[in-house]
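Engineer: Quick one, fold the following:
(2 chains)
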Amino acid sequence: MSRRVVITGVGAVTPLGVGARPLFERWAAGECGIVDGLGRCADFDPADHLTRKEARRTDRFAQLALAAADEALAQAGWNGAPPVDATRAACIVGTGIGGLESLGRQHDVLRDEGPGRVSPLAVPLMMANAAAAAVAMRRGLRGPSFATASACAAGADAIGTALRLIRSGQADAAVAGGAEAALTPLARSAFEAMGATSECGVSRPFDARRDGFVMGEGAGVLVLEAADVAEARDAEPLAELRGYGASSDAHHITAPDPSGEGAAAAIRAALADAGAAPADVDYVNAHGTSTPLNDRSETMALKLALGEHAARIPVSSTKSVIGHLLGAAGAVEAVATVLALRGRLAPPTVGFEEREEGLDLDYVPGEARPLPAGGLALSDSFGFGGHNAVLCISVS
Amino acid sequence: MPVSATREHVEEVIFEALAKLGPERDQITREATFESLDIDSLDLVELAQVIEDEFGVEMKSEDAERLETVGDAIDLVVSRAS
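Structural biologist: Numbers count the residues shown, from 1 in each chain, chains lettered A, B, ... in the order given. Just a heads-up that it's a prediction; the model follows:
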């Protein structure tokens, strides 16, 4: 019997506000944080969370991660040092892109002022592992620490990797999540050029009128602990991280396998890892990007993996209210899933109104839907490159 | 030509640059050590860039390694700029 892993804290910074509660409560109320076609964390002020020096030495994506980690660790009751041997506390924070804003700024310096004026902080600001490093340094986490890089599956892969580190005995606890802050003109142009983003600036996953995703920024962090560790220190688990499944489409660099087979394999693997059956699933927090291709192939994947049960359960997309947070998405959505299970409420896919043939699951139009007590949920994440990562979470 | 490097002016520029790097303004004195101000080698490279822009004085990493206090940096700039 492998070690059980519980979630003892969650934190998030999203376009719905600073904190996991505003994310869940505002989403459940049908409120949308997207403004002018972008999901910005407008309420986030680095000065509220960081010293001047920390703020200077971190890109925005790492700043968002630090704030989300603070919230999660406070909830977990980690005051100061980790409650386990520090070398057995891991820190895994994924990102899709890393410190893009800093990279752009330093490129401007190189072009305008010459190579001698590029900042000595350029590398530590832009490196993709900067968020993992910043959180580990600030909190004295001295176990395995790195970033996962699997585009929009990175946040979920970070959490799944942390689960495996604890189960395998390499760590006793982990701070895991994802962070992204790539709302720069370059990234926006790049996603637009590939036809991935919405021209009308509206995120409406699974709706017949959907025309691409809306870019967002933010961070989500979970505190994971071996169940025996949490129990020994009388920490109250919020939920259990039951399983993680990953797979690859091996199909196309950006388009998902239209059959949904690749994603279905990850869903099946997550359930098997959790020791759960399709009929045990009460809720799916969908990847649901609002792109024509994803929402169709994800629907196919859910039907393949869950069979007829797929049509009986609520399936909703957090991206309908915050947009697509890329490498942070899977982590923020895992946070939202924990709170949905605990609140016994499946928030709606806001803006979903018009059905498309073949997209016939219950996407929770209109209002939040009650969930049973002691529920079990899946959180899907799929990345460019064909990376599929699915988490299975339950509450008692 | 760079502006004249009077001791007062050098002190003013260095104090101001250091304040942007993190420490509180009232911690920054001639006697304060870089260590006490939590100014590390990366910060000193940034300080060197400001000094070169302002006074045309190059402060190499081996120079920076020998600096202990803020006053040491001021003295180095004044001696090289004159």
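Engineer: So which residues of chain B form helices?
Structural biologist: Listed in chain order, the helices of chain B (DSSP state H) span residues B:7-21, B:41-55, B:61-66, B:70-81.
Engineer: Who are the contact partners of residue 74?
Structural biologist: All of this is about chain A. Residues in contact with residue A:74, defined by C-beta atoms under 8 Å, 6 or more residues apart in numbering or on different chains, are A:9, A:11. Placement of C-beta: from N, CA and C, glycine included.
Engineer: oops, chain B please
Structural biologist: Taking C-beta under 8 Å, 6+ apart as the contact definition, residue B:74 lies against B:7, B:10, B:11, B:14, B:30.
Engineer: and the single nearest residue of the stretch 101-250 of chain A relative to chain B, what does it touch?
Structural biologist: In the stretch 101-250 of chain A, no residue comes nearer to chain B than residue A:120, which is 3.8 Å away by C-beta to the nearest C-beta. Residues in contact with residue A:120, defined by C-beta under 8 Å, 6+ apart, are B:42, B:45, B:46.
Engineer: and the residue of the stretch 51-200 of chain A found nearest chain B, how far is that from residue B:20?
Structural biologist: Using C-beta to the nearest C-beta, residue A:53 is the residue of the stretch 51-200 of chain A that sits closest to chain B, at 3.2 Å. Distance from residue A:53 to residue B:20, counting by C-beta to C-beta, to the nearest Å: 10 Å.
Engineer: For the two, work out which one has more neighbours and name it.
Structural biologist: A side-by-side neighbour count of residue A:53 and residue B:20, using other C-beta atoms under 10 Å in any protein chain shown, places residue A:53 first with 16 against 13.
Engineer: how about the more buried one, what does it touch?
Structural biologist: In this structure, residue A:53 makes contact with B:21, B:22, B:23, B:38, judged by C-beta under 8 Å, 6+ apart.
Engineer: near chain A, from the residues you listed?
Structural biologist: Of the entries in the contacts of residue A:53, those that also sit close to chain A under the rule C-beta under 8 Å from any C-beta of the partner chain are B:21, B:22, B:23, B:38.
Engineer: Make a ChimeraX selection of the buried ones in those.
Structural biologist: Buried members of the ones next to chain A among the contacts of residue A:53, identified by 16 or more other C-beta atoms under 10 Å in any protein chain shown, are gathered into one ChimeraX selection as follows:
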select /B:21,22,23
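Engineer: Reformat the ones next to chain A among the contacts of residue A:53 as JSON lines; add pLDDT.
Structural biologist: As requested, the ones next to chain A among the contacts of residue A:53 are arranged in JSON lines below (pLDDT from 0 to 100):
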{"residue": "B:21", "pLDDT": "94"}
{"residue": "B:22", "pLDDT": "91"}
{"residue": "B:23", "pLDDT": "93"}
{"residue": "B:38", "pLDDT": "95"}
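Engineer: Mind picking the one among the ones next to chain A among the contacts of residue A:53 that's closest to chain A?
Structural biologist: Looking at those and their distance to chain A, the nearest is residue B:22, at 3.2 Å (C-beta to the nearest C-beta).
Engineer: any idea how far the closest one is from residue A:102?
Structural biologist: Taken as C-beta to C-beta, the spacing of residue B:22 relative to residue A:102 amounts to 17 Å.
Engineer: can you check residue A:347 too?
Structural biologist: Distance from residue A:347 to residue A:102, by C-beta to C-beta: 34 Å.
Engineer: ok, now residue B:44?
Structural biologist: Distance of residue B:44 to residue A:102, computed by C-beta to C-beta: 20 Å.
Engineer: more crowded one of those two?
Structural biologist: Per other C-beta under 10 Å, whichever of residue B:44 and residue A:102 has more neighbours is residue A:102, with 24 against 21.
Engineer: and the residue nearest to that one when sequence neighbours are not counted, what helix or strand is that in?
Structural biologist: In space, not counting the residues next to it along the chain, residue A:102 is nearest to residue A:125; the distance is 3.7 Å by C-beta to C-beta, 6 or more residues apart in numbering or on different chains. Applying DSSP states H and E as the criterion places residue A:125 in helix A:122-126.
Engineer: got a list of contacts for that helix?
Structural biologist: Contacts of helix A:122-126 (C-beta under 8 Å, 6+ apart): A:57-59, A:98-100, A:102-103, A:106, A:119, A:130, A:133, B:42.
Engineer: So which bits of chain B are right by chain A?
Structural biologist: Along chain B, the residues adjacent to chain A under the rule C-beta under 8 Å from any C-beta are B:20, B:21, B:22, B:23, B:38, B:42, B:45, B:46, B:49, B:52.
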